[in-house]
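K.L.:
Quick one, structure for this:
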Amino acid sequence: MAKHKKFERSENYTFYSDLLWCSVPLTGMACYYYGMRPALLMLAGLLTAYLFDCALAPLHGAGHQPHEPSSECFAALIVLMMPATVSYAVVVAAVIAAVMVKEAFGGEGHYPFHPAAVGMAVAGISWPEQLYVYPVPGTKLPLFNPALKYATVEGMNTTLRGGGLPSDSTMELLTGNVSGGMGICASLVIVACGLFLLARGHLRPAVLIPFFVVCVGLPWLFPQLNELPFLSAPWQFVRQRVYLEKYILLSGTTLFGGLFLACEPVTMPNRTNAQVAYGIILGVAVFFFRNLSPYETPMCFALLIVDAIPEWLDLISHRTERIRFMKKEEQRLAQSSDTE
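P.N.:
Residues are numbered from 1 along each chain as shown. Got it, this is the predicted structure:
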């Protein structure tokens with residue numbers, strides 16, 4: 001009698017499955033504002049991820065692993081960062097790019113760059129006219145060709161980059177009643193999902209705390225507002241700085257990216273000291289991409305740059321700890337010899 005092969009769950013199975021569960025309420029919020037089109041876009045992304053994961057897995061020796069949902073997770077993250085008016089073809093192309101990056105480097109656990117960030121970067125550079133314009137919330141979009149029937153607006157990052165402040169209220173930012181990606185605007189839901197991931201042990205404070213501190217601190221010190229001097233004292237124009245920080249955190253991909261992208265277990269460093277440095281460098285990169293690049297998803301492009309150095313950070317941290325240990329050993333031996 002033939003025995004069935006027993007599949008063991010991958011090391012990061014719970015991380016990816018929990019992220020997939022977090023995509024459910026965010027997709028539901030998008031459906032509330034735009035109709036059933038976001039759900040259909042999500043279904044298209046998940047199906048594409050599964051099919052191409054099966055097709056491309058033979059590129060490496062492990063083959064297709066039905067016990068790890070990382071490709072579907074990356075597809076869900078990509079769809080959530082896109083506008084509800086994006087075409088199905090762009091979703092499929094972005095997801096294929098993400099799966100190709102994952103499988104080309106050996107599959108789950110081996111890719112050097114965040115696949116979701118790669119997919120969004122490829123789509124953003126190739127189809128910026130679709131990726132970086134957004135429908136007005138409350139517009140019930142048809143399932144096909146919504147861009148031909150409904151007007152779209154630019155994202156908030158365009159306003160911030162130009163030195164202005166958006167006019168959306170705090171309540172609109174918290175509930176997602178603003179123009180932006182399908183899953184990156186409902187800040188209250190994003191924070192609730194982040195608390196869930198934190199309780200499940202998936203988020204690393206050593207990465208998140210320095211990341212958010214830098215994302216808040218740099219705009220406070222160097223506010224890009226037309227009504228403020230660039231090098232004004234930090235204690236001046238406090239009200240304007242608070243408004244700026246509100247839009248930086250609650251619009252765009254800063255909050256979403258920090259909670260859902262920055263703590264990817266495969267691409268971030270392993271050592272605590274290296275994770276702190278990683279969070280700081282990632283925050284600095286997001287600051288520059290948000291101010292200098294024409295794209296609405298600076299987090300994705302920042303990740304592609306910073307993901308090139310985690311192994312170096314781990315190596316530097318390891319050598320630093322080794323040097324400290326050797327110095328302590330030398331001091332201990334010197335003290336023991338003096339005592340004798």
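K.L.:
From here on, just use CA atoms for contacts and neighbour counts.
P.N.:
Fine.
K.L.:
Please enumerate the helices of the stretch 151-300 of the chain.
P.N.:
156-161, 170-175, 187-199, 205-221, 238-250, 254-260, 272-292, 298-306 (DSSP state H, counting those that start in this stretch).
K.L.:
could I have the second one exported to PDB, CA atoms only?
P.N.:
Taking C-alpha atoms only, helix 170-175 is exported to PDB below (Å, rounded to 0.1, in the frame of the first residue of the first chain):
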ATOM      1  CA  THR A 170      -8.200  63.000  10.200                       C
ATOM      2  CA  MET A 171     -11.400  60.900  10.400                       C
ATOM      3  CA  GLU A 172     -11.200  60.300   6.600                       C
ATOM      4  CA  LEU A 173      -7.600  59.200   6.900                       C
ATOM      5  CA  LEU A 174      -8.400  56.800   9.700                       C
ATOM      6  CA  THR A 175     -11.400  55.200   7.900                       C
END
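K.L.:
Of all the helices of the stretch 151-300 of the chain, which one is nearest residue 313?
P.N.:
Between residue 313 and the helices of the stretch 151-300 of the chain, the tightest spacing by CA to CA is seen for helix 272-292, at 5.0 Å.
K.L.:
list the helices and strands the closest one packs on?
P.N.:
Other helices and strands packing on helix 272-292, by 3 or more CA pairs under 8 Å, 6 or more residues apart in numbering; DSSP states H and E, are helix 156-161, helix 205-221, helix 298-306, helix 310-339.
K.L.:
Indicate which one of those is closest to residue 185.
P.N.:
Closest of the helices and strands packed on helix 272-292 to residue 185 is helix 156-161, at 10.7 Å (criterion: CA to CA).
K.L.:
Near residue 323, how many other residues are there?
P.N.:
12 (other CA atoms under 10 Å).
K.L.:
hang on, the earlier thing: mean neighbour count, distance to residue 110 and mean pLDDT added to the helices of the stretch 151-300 of the chain, as CSV?
P.N.:
Shown next, in CSV, are the helices of the stretch 151-300 of the chain (neighbours: other CA atoms under 10 Å; distance: least, CA to CA, whole Å; pLDDT from 0 to 100):
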stretch, mean neighbour count, distance to residue 110, mean pLDDT
helix 156-161, 20, 33, 84
helix 170-175, 16, 36, 89
helix 187-199, 17, 22, 95
helix 205-221, 19, 20, 93
helix 238-250, 17, 31, 89
helix 254-260, 23, 19, 93
helix 272-292, 21, 18, 92
helix 298-306, 22, 15, 92
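K.L.:
so can I have JSON lines of the ones you listed showing distance to residue 327?
P.N.:
Formatted as JSON lines, the helices of the stretch 151-300 of the chain follow (distance: least, CA to CA, whole Å):
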{"stretch": "helix 156-161", "distance to residue 327": "48"}
{"stretch": "helix 170-175", "distance to residue 327": "51"}
{"stretch": "helix 187-199", "distance to residue 327": "36"}
{"stretch": "helix 205-221", "distance to residue 327": "26"}
{"stretch": "helix 238-250", "distance to residue 327": "43"}
{"stretch": "helix 254-260", "distance to residue 327": "37"}
{"stretch": "helix 272-292", "distance to residue 327": "19"}
{"stretch": "helix 298-306", "distance to residue 327": "31"}
